[in-house]
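*Asks:* No letters, just coordinates:
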Ligand SMILES: Cc1cc2nc3c(=O)[nH]c(=O)nc-3n(C[C@H](O)[C@H](O)[C@H](O)COP(=O)(O)O)c2cc1C
């Protein structure tokens, strides 16, 4: 019999990503570290992020209806930590990163992050302490060195992940070899269709 401890109600999942949410607030770029971020939908492609009511970031998202999700690599831990400690209300975070422009005017993008998503605000849900923000992904940028066979490679991206329970940052290890051959074949076919520019590719989820 496996012994279990009751922790009471906790929002615990392992691991979570740690991303930089980019916004424009009062004409200035701002970046907030967020670990409560996930994929919300594949069609349309959408990302959700839970943002506490007092964050400077929420002000920018609600004012402009746009934001970016920047996926940092492990090498960026110091900057990620900085953006997770200091609020744009008190500190100018607009010069922490070199930025580049995408399709949206109010979704500042971090060059050093291997993956960048430009999002247009579609939904907000007030959950009490946090507001769940859902953004449709309008454009995706990836550093070319972080791809294998034309598709994003998580090991090359080397994303900084986060463990909510311990509060530690962690790193992904190399992928597990245990996926079934039929699941791998489905992914390969899907990737080939994506690379060929097929309009409607069914997502695995
Ligand atoms: C690893 C980590 C993860 C965090 N995740 C979130 C999150 O998901 N949602 C949130 O509202 N704040 C989160 N924070 C806290 C904000 O990043 C922090 O309060 C930041 O200073 C807010 O910046 P802003 O006021 O400029 O938006 C996190 C902080 C760290 C260090």
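*Replies:* Good, I have the coordinates. Owing to the predicted nature of the structure, the values given are computational and were not obtained by experimental measurement.
*Asks:* What residues does residue 115 make contact with?
*Replies:* Shown here is residue 115, whose contacts under the criterion Cβ atoms under 8 Å, 6 or more residues apart in numbering are 70, 71, 140, 141, 142, 143, 146, 152, 157, 159. In this view, the C-beta of every residue, glycine as well, is placed from N, C-alpha and C.
*Asks:* now these: which count as buried?
*Replies:* When burial is judged by neighbour count using 16 or more other Cβ atoms under 10 Å, the buried members of the contacts of residue 115 are 70, 71, 141, 142, 143, 146, 152, 157, 159.
*Asks:* Report the two of those separated the most.
*Replies:* In the buried ones among the contacts of residue 115, the most distant members under the criterion Cβ to Cβ are 141 and 159, with 15.0 Å between them.
*Asks:* so residue 134 is in which element?
*Replies:* With secondary structure defined by DSSP states H and E, residue 134 is part of strand 130-142.
*Asks:* Who are the packing partners of that strand?
*Replies:* Contact partners of strand 130-142 among helices and strands, from 3 or more Cβ pairs under 8 Å, 6 or more residues apart in numbering; DSSP states H and E: strand 45-52, helix 56-64, strand 66-71, strand 115-126.
*Asks:* In its sheet, which strands sit next to that strand, and in what direction?
*Replies:* Strand 130-142 has the following sheet partners, assigned by DSSP bridges: strand 45-52 (antiparallel), strand 115-126 (antiparallel).
*Asks:* doesn't residue 165 make contact with residue 15?
*Replies:* No: Residue 15 lies out of contact with residue 165 (Cβ atoms under 8 Å); the separation is 9.9 Å.
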